[in-house]
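Student: sequence-free structure coming up:
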């Protein structure tokens, strides 16, 4: 018990409210704190940083892709560390590491010039190699570890109310991610990109203190139960407890559900990342303006938030394989929308499909894993799934670009995605919740 509360002045057992709600609050902040390592946070820095380092857009994008791919190989290992040491310490070190990485990024031009001077080489390869390593750092610590640990911690503290809690988390995180480019861009305009990264780093270091104070691994460490407790008519406290089969990663990988859910989440990551990365060019290829291209994100966000809220609440009561089928259908809708983007009907299909995918992604990626495989080995399981997502997000921009440069249209990517979704349709017929066999 002492180890569970080491270095902290906060005792969950003395909390006036169920401590899971405190975990929810700080877990949401933890996911938002990962923004500097997410695509949405990095994209705002793209133009000033690549120009300062003397890199082309393709060189900068390739460094981002390689760094992201490299990070995917270690995310699963971080999941095992989560299971062994808990969210508290893993999130702390991930946050500190992300902050240090941002400080290095802020002086990347000086580092690049120093290496050029030492090696007596004036080549783009040096800044390219440097930011590839730095992208690996921030993608691993931010997009991978900090996001995974914060989300998993919230899910561990809840069971029967897991869907409702994730609805709150999803809405807050969605709004935070949507607003972050505007806020970061304002920061860059006021202070420049170097100082902006330093300010974000200081914020991360401050938050790391709050992680040690308020993050907690699981309620059982403090003689508590997920969701808290209920009181009967005689005012006697009754703990809520269910029999739960905790799957190891090796055992989970032997189930059909692990692969079908993991692959549909990876598809979502692939399609949305590729579309977002090239959205202006995609619509320009069909003679739409930049403002028209950017405008599609508003209805997509509205659909996604609405779907996430409803489906998170319903997830406590219905079978999750329904969500799998809807995500596959949404992927087909989005793929057909991209294929027929030249028509207004195609745009509506694309917006609807992406909105449904985005909304259900936040439900399945958070709620389904503990519901299907238990909480004990949640880190290693979600860490492996996160590696799928990272790989998919890394290759998407390049594959979208390849289709356009070689075939003159982005619509050709739809044939690849539709073929993949056909495979998922066939594979998902016999998907069942492994817990049903208890």
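Tutor: Okay, I see it. What you see is a predicted model; the values in this text were computed from it and never measured.
Student: I'd assumed residue 77 was in contact with residue 379.
Tutor: No. Shown here, residue 379 and residue 77 do not form a contact pair, counting by C-beta atoms under 8 Å, at 10.2 Å. (Each C-beta comes from the backbone N, C-alpha and C, glycine too.)
Student: more neighbours: the two, which one.
Tutor: The neighbour comparison of residue 379 against residue 77 (other C-beta atoms under 10 Å) goes to residue 379, with 29 against 15.
Student: how about the more buried one: what's its closest non-neighbour residue?
Tutor: Closest residue in space to residue 379, ignoring its immediate chain neighbours: residue 82 at 2.8 Å, by C-beta to C-beta, 6 or more residues apart in numbering.
Student: list the contacts of that neighbour.
Tutor: 90, 148, 149, 152, 378, 379, 380, 383 (C-beta atoms under 8 Å, 6 or more residues apart in numbering).
Student: pLDDT score for it?
Tutor: Looking at residue 82, its pLDDT is 91.
Student: domains of this structure?
Tutor: 3-7+15-221, 249-426 (automatic domain parsing).
Student: can you redo those as JSON lines with distance to residue 432?
Tutor: Output for the domains of the chain, formatted as JSON lines (distance: least, C-beta to C-beta, whole Å):
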{"stretch": "domain 3-7+15-221", "distance to residue 432": "19"}
{"stretch": "domain 249-426", "distance to residue 432": "7"}
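Student: distance between the strand or helix carrying residue 200 and the chain's centre?
Tutor: Element membership for residue 200, per DSSP states H and E: helix 162-214. When distances are taken as C-alpha atoms, centre = their mean, to the nearest Å, helix 162-214 is centred 14 Å away from the chain's centroid.
Student: report all helices and strands that that helix contacts.
Tutor: helix 19-33, helix 39-42, helix 46-53, helix 57-106, helix 147-156, helix 297-314, helix 344-363 (3 or more C-beta pairs under 8 Å, 6 or more residues apart in numbering; DSSP states H and E).
Student: relative orientation of the fourth one and helix 147-156 in degrees?
Tutor: Between helix 57-106 and helix 147-156, the angle formed by their directions is 70 degrees, by axes from the mean of the first three to the mean of the last three C-alpha atoms, to 10 degrees.
Student: contacting residues for the nearest residue in space to residue 91 that is not next to it in sequence?
Tutor: Distances taken as C-beta to C-beta, 6+ apart place residue 149 nearest to residue 91, at 4.3 Å, with adjacent residues excluded. Applying C-beta under 8 Å, 6+ apart, one finds that residue 149 lies in contact with 30, 78, 82, 87, 90, 91, 94, 379.
Student: could you check the pLDDT of residue 149?
Tutor: Value for residue 149, per-residue pLDDT: 94.
Student: measure it to residue 142 for me?
Tutor: Taking C-beta to C-beta, to the nearest Å as the measure, residue 149 falls 11 Å from residue 142.
Student: hey, what's in contact with both of the two?
Tutor: Joint contacts of residue 149 and residue 142 (C-beta under 8 Å, 6+ apart) are residue 94.
Student: correct me, but residue 361 touches residue 267?
Tutor: No. In this structure residue 361 lies outside contact range of residue 267 using C-beta under 8 Å: 9.8 Å.
Student: in this structure, where is pLDDT below threshold?
Tutor: 1-3, 229-243, 436-438 (pLDDT under 70).
Student: can you flag the buried ones in the contacts of residue 149?
Tutor: Among these, the ones that count as buried by 16 or more other C-beta atoms under 10 Å are 30, 78, 82, 87, 90, 91, 94, 379.
Student: any chance of those in TSV, plus distance to residue 337?
Tutor: Output for the buried ones among the contacts of residue 149, formatted as TSV (distance: C-beta to C-beta, whole Å):
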residue	distance to residue 337
30	34
78	35
82	37
87	38
90	39
91	38
94	36
379	36
